[in-house]
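> Mind looking at a prediction? Sequence and model below.
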Amino acid sequence: EAGVAQSPRYKIIEKRQSVAFWCNPISGHATLYWYQQILGQGPKLLIQFQNNGVVDDSQLPKDRFSAERLKGVDSTLKIQPAKLEDSAVYLCASSLVSGTVETQYFGPGTRLLVL
Amino acid sequence: AQSVTQLGSHVSVSEGALVLLRCNYSSSVPPYLFWYVQYPNQGLQLLLKYTTGATLVKGINGFEAEFKKSETSFHLTKPSAHMSDAAEYFCAVARGSSASKIIFGSGTRLSIRP
């Protein structure tokens, strides 16, 4: 079974530029998550999709971050304009309900450096 | 509100020694608890999880964790460390009816000395 795919793996941009990240979840996983992991910290949830609908985006800085999952499969996360503090690893995860508890499977992440 | 505290941002043990990574949680309801491992430049991989039932949970790669409600702890152990265990380890607690909303601790970096 193929895992969660993300691209690009690395991105370097200057502040105020725009950037987009792509995620393709595991086939059949209805739920998709985007996390931000700042160096030295645990991942923090940015947004959760169920199929193509948003379940939770309470932690998403909506003035500069946007995300979509138009066909309920792959997803794009965009930052416009980027700030220095956006430097982080952006992780995508998808999940399958196992019993009553979801198990999340993570992609390798996109490492973003904003200069 | 749920939260997780990992004691020690960096733990170093000798190869073959006991590994003990500490995690304490705060939850107003019976928690779902997880340990994830992150190898350099990779995503997170689930080591083990506690939902209900047996409080000693066995995971992959010889790791196990024990849920102790009285101590609000979920410490991760492995009897004998291997060089390949060097990685970042995250304890996490889940909230929501399907435990889909995971709160991660800040992580513990495990180093293995030859």
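Nice, thanks for sending it over.
> Which per-residue confidence value corresponds to residue 11?
Assuming you mean chain A. Looking at A:Lys11, its pLDDT is 97.
> was after chain B, sorry
pLDDT, B:Val11: 97.
> Where does it fall, secondary structure wise?
Element membership for B:Val11, per DSSP states H and E: strand B:10-14.
> any idea which helix or strand comes after the host helix or strand of B:Phe74?
Assessed by DSSP H and E, B:Phe74 sits inside strand B:73-78. Next along the chain after strand B:73-78, taking DSSP H and E as the criterion, comes strand B:87-95.
> before we move on, back to that, which parts of the strand holding B:Val11 are buried?
Neighbour counts over strand B:10-14 (16 or more other Cβ atoms under 10 Å in any protein chain shown) mark B:11, B:13 as buried. Bear in mind the C-beta positions are built from the backbone N, C-alpha and C, glycine included.
> what's it packed up against?
strand B:19-26, strand B:108-113 (3 or more Cβ pairs under 8 Å, 6 or more residues apart in numbering or on different chains; DSSP states H and E).
> now the angle from the shortest one to strand B:19-26?
Using axes from the mean of the first three to the mean of the last three Cα atoms, to 10 degrees, one finds that strand B:108-113 and strand B:19-26 are set 170 degrees apart in direction.
> What pairs with strand B:108-113, parallel or antiparallel?
The strands beside strand B:108-113 in its sheet (DSSP bridges) come out as strand B:10-14 (parallel), strand B:87-95 (antiparallel).
> Nearest to A:Pro108, out of those strands?
strand B:87-95 (14.0 Å; Cβ to Cβ).
> Only C-alpha atoms, please: export that closest one in PDB.
The C-alpha trace of strand B:87-95 is given here as PDB (Å, rounded to 0.1, in the frame of the first residue of the first chain):
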ATOM      1  CA  ALA B  87      15.100   9.400  16.600                       C
ATOM      2  CA  GLU B  88      12.600  12.000  17.900                       C
ATOM      3  CA  TYR B  89       9.700  10.500  19.900                       C
ATOM      4  CA  PHE B  90       6.400  12.300  20.400                       C
ATOM      5  CA  CYS B  91       3.700  11.500  23.000                       C
ATOM      6  CA  ALA B  92       0.200  12.600  22.000                       C
ATOM      7  CA  VAL B  93      -3.300  12.600  23.400                       C
ATOM      8  CA  ALA B  94      -6.400  12.600  21.400                       C
ATOM      9  CA  ARG B  95      -9.700  14.300  21.800                       C
END
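> Look at residue 28 and say how many residues are nearby.
Going with chain A. Using other Cβ atoms under 10 Å in any protein chain shown, A:Gly28 is surrounded by 9 other residues.
> wait, I meant chain B there
B:Ser28 is flanked by 8 other residues according to other Cβ under 10 Å.
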